[in-house]
Structure formats: structure tokens, C-alpha cells
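> sequence and predicted structure, then a few things I'm wondering about:
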Amino acid sequence: MPEERTAPLELTARQQSILDTLRNIGRDNVIRYRSKTPHLYQQDCQRLLKGDEACTWGLGGLTFQVGARLGISPQAVLSTFKALESRGLVIRETRNPTYQRPLYWWPVGLAKALADELMPGEEVNR
């Protein structure tokens, strides 16, 4: 029986830069309060341990934030986020039904990566 291989996802330069920027924003949001307000940092660490879904709201990146960092229009960022979401690379905030569109985006797998980096030995829920 032949061994199945999954081909690595090919991303365009724009998709990769938007995904990298979203990861940087998420990382910045998590460590923002580390030295200034330790109890807020602890709350953010607890969110990391709950997994990606728990991190989306508040720790994720906003469409206009990513666009501003890269000099790209928010509409272009939003369409790229939707393409990345269809590939399973990002998730979006959908908890608040009063909004007509999602506000926060989060890269899939970033919660585990940051938890491994900031809290080695802790178990992350999926």
C-alpha cells in the first residue's frame, strides 16, 4: 500500500506575510502585560491553555491592524483571511451575534506554540 503524503500548503507571498503578521500581533497581545500587570498576563496564559478558540477574542488580530502594519487595505486583508480560513490556517471570532462581521482573527496552532514557549510542560486543550 503506497504511503500517503500531504503536500505542504503553498501560500502566496501576501498570504504568508498576512499570516506572519497575524502571528506577531497575537504574540504581542499575549506578552503585552507580562512585566506591567502580571495578573492580566496570567489570564492571557490561561486562555492559551484553553486553546485557539479561547484566544481569538481579545488576543487575536483585527483586520485593520494587519492592514496597517503591512500597508494593505483592510478589504484585501479580509479576503486573504477568508482564503486562509478555508484552508484551516486561521479562525475567526463568531461568538457575539450582535456584530454583522467577525472582528478578531487567530492563527490555528498559535496557542499551543505560545504555551510551549511561555509555559513549558503545560498541557493545551484543543
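Everything's here; your move.
> roughly how far does the residue nearest the centre of the chain sit from residue 39?
Centroid-nearest residue in the chain, with CA atoms, centre = their mean: residue 106, separated by 2.2 Å. According to CB to CB, to the nearest Å, residue 106 and residue 39 sit 22 Å apart. Using the backbone N, CA and C atoms, a C-beta is placed for each residue, glycine as well.
> before we move on, the earlier item: I figured the residue nearest to the centre of the chain hits residue 51, correct?
No: at 10.1 Å, residue 106 and residue 51 do not qualify as touching, with contact defined as CB atoms under 8 Å.
> in what helix or strand does the residue nearest to the centre of the chain lie?
Residue 106 is located in strand 104-107, with elements delineated by DSSP states H and E.
> buried set for that strand?
104-107 (16 or more other CB atoms under 10 Å).
> now do stretch 43-59
44-45, 47-49, 51-57, 59.
> ditto for stretch 26-38
Applying 16+ other CB under 10 Å to stretch 26-38 flags 26-27, 29-30 as buried.
> what does it contact?
40-41, 44-45, 48, 55, 58-61, 106-107, 110, 114, 118 (CB atoms under 8 Å, 6 or more residues apart in numbering).
> list phi and psi for residue 91.
Dihedral pair for residue 91: phi -120, psi 160, per degrees, to the nearest 10.
> using PDB, list the CA coordinates for the longest helix that the chain contains.
Using DSSP state H to define each element, the chain has its longest helix at helix 13-31. C-alpha atoms of helix 13-31 as PDB (Å, rounded to 0.1, in the frame of the first residue of the first chain):
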ATOM      1  CA  ALA A  13       3.700  36.000  -0.600                       C
ATOM      2  CA  ARG A  14       0.700  38.100   0.500                       C
ATOM      3  CA  GLN A  15      -0.900  35.200   2.400                       C
ATOM      4  CA  GLN A  16       2.400  34.400   4.100                       C
ATOM      5  CA  SER A  17       3.000  38.000   5.100                       C
ATOM      6  CA  ILE A  18      -0.500  38.400   6.500                       C
ATOM      7  CA  LEU A  19      -0.300  35.100   8.400                       C
ATOM      8  CA  ASP A  20       3.100  36.100   9.800                       C
ATOM      9  CA  THR A  21       1.800  39.500  10.800                       C
ATOM     10  CA  LEU A  22      -1.200  37.900  12.500                       C
ATOM     11  CA  ARG A  23       1.100  35.600  14.400                       C
ATOM     12  CA  ASN A  24       3.200  38.600  15.500                       C
ATOM     13  CA  ILE A  25       0.100  40.500  16.700                       C
ATOM     14  CA  GLY A  26      -1.100  37.500  18.600                       C
ATOM     15  CA  ARG A  27       2.200  37.100  20.300                       C
ATOM     16  CA  ASP A  28       2.500  40.800  21.100                       C
ATOM     17  CA  ASN A  29      -1.000  40.700  22.600                       C
ATOM     18  CA  VAL A  30      -0.200  37.800  24.900                       C
ATOM     19  CA  ILE A  31       3.100  39.200  26.300                       C
END
